[in-house]
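# what would the 3D arrangement of this be:
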Amino acid sequence: MKQVLIVGAGRLAATLLADLAAAGSPALWWARPSPRRDAVQQWLARQSLPSPPRFAELSELVDLPIDVLVLAVTDRQVGAVAQQLADAGLRAAVALHCAGALAVEPLRVGLSPACGSCHPLAAVADPLLAQARQSPLRHALFAVDGDEEAQLAAHELSALLGGFSAQVQGPQRAAYHAAAALIANDWVALADAALRTVVQAGLAEPLLRQGLLHLAGTALQALQAVPADQALLRGLTGAVARGDGATLQRHLETIDDSQVRELHRLASLVLAKRCAQEGQLSPQVADQLAAALQDPARDL
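Here you go, the predicted model:
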């Protein structure tokens, strides 16, 4: 890939800078002054990168040929940062943002004749806090959209980072991003609720936290083992998969938090219905589970 400029100092920006350098394509870098920017500079200096990225001031960047500009900033910052760069006179052959739910239009402020988006479907932890760096972008799906030249650059960028890519057009991005939130965000509510449930029962938090996170990892591995031509529900384990309504009833009786109880109840109902649709449970067993999951104690 030609000259890339990464803008930002957050988790994704730092990860992109390190990954591009490791792939032999060091990027230029700019971010607004902040303690975070200083911390990223120090972190990058400590990495064993064959060709480290180079930070440049905005006054210098406006005179440099930029092939691909990547705004790795939060969704709400994309428009303002794009406008700031354009007002400063910076121009690029292609301008991309990395916001999953955002349209391309906020980039159309004179930065580039070719604007697009390139969103990695990955949970990017802060690399500055990791003891051992393993990029979450490798093997990730990158959702791309925008002008033809911008899409080509986004496909090339994703391949360089070890991922794969597909077009997700503007009208489809809300559904795409909602699905991403279900996986990357909503399960954290479940994990937190699970830990609070066992702690309220008097169990030791450090050991249970370690155990529950291991369980989450093995549950994901079970889903990854399901062949691509079969439903993910083939990897489901637990009471719903067994058609065990009595255990589900005990769950609802045990969980004190009404919101957590309702969360578990509704998720179990969804699973029971989908298992019946996929032929993993008979309609009769699914109906029995639905009856067992009526929670008279809920107060939502």
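# quick check, L96 in a helix?
No: L96 is assigned strand when assessed by DSSP: H, G, I helix; E, B strand; the rest coil, not a helix.
# ok, now which ones touch it?
Contacts for L96 (CB atoms under 8 Å, 6 or more residues apart in numbering) come out as 68-71, 107, 115-118, 146, 150, 153-154, 157. For glycine as for every other residue, the C-beta is placed from the backbone atoms N, C-alpha and C.
# buried sites along the helix or strand E60 falls within?
Element membership of E60 [criterion: DSSP states H and E] is helix 58-61. Buried residues in helix 58-61, counted by 16 or more other CB atoms under 10 Å: L61.
# now do that helix: which elements does it pack against?
When contacts are defined as 3 or more CB pairs under 8 Å, 6 or more residues apart in numbering; DSSP states H and E, helix 58-61 packs onto strand 28-30, helix 78-88.
# after that helix, next one along is what?
Going down the chain from helix 58-61, the next helix or strand is strand 66-71, by DSSP H and E.
# tell me the buried residues in that next one?
Using 16+ other CB under 10 Å as the test for burial, strand 66-71 gives I66, V68, L69, V70, L71.
# and the contacts of it?
For strand 66-71, contacts defined as CB under 8 Å, 6+ apart pick out 1-8, 16, 27-28, 78, 81-82, 85, 90-98, 107, 111-112, 118, 153, 157.
# partner strands of that strand and their direction?
In the sheet, strand 66-71 lines up against strand 4-7 (parallel), strand 92-97 (parallel) (DSSP bridges).
# need the max-distance pair from the buried residues of strand 66-71.
By the measure CB to CB, I66 and L71 form the most distant pair in the buried residues of strand 66-71, at 12.1 Å.
# which stretches of this protein form strands?
Taking DSSP state E as the test, the strands found in the chain are 4-7, 28-30, 54-55, 66-71, 92-97, 115-121, 141-146, 164-167.
# go through the helices and strands packed on helix 58-61 and pick out the most buried.
Per-stretch averages of neighbours, counted by mean count of other CB atoms under 10 Å, single out strand 28-30 among the helices and strands packed on helix 58-61, with a mean of 22.
# that one: partners in the sheet, and parallel or antiparallel?
strand 4-7 (parallel), strand 54-55 (parallel).
# biggest separation within the contacts of L96, which pair?
Maximum pairwise distance in the contacts of L96, criterion CB to CB, is 15.3 Å, between L107 and L157.
# look at those two and report which has more neighbours.
Legend: neighbour count by other CB atoms under 10 Å for L107 and L157, higher for L107 (30 against 24).
# thanks a lot, catch you later.
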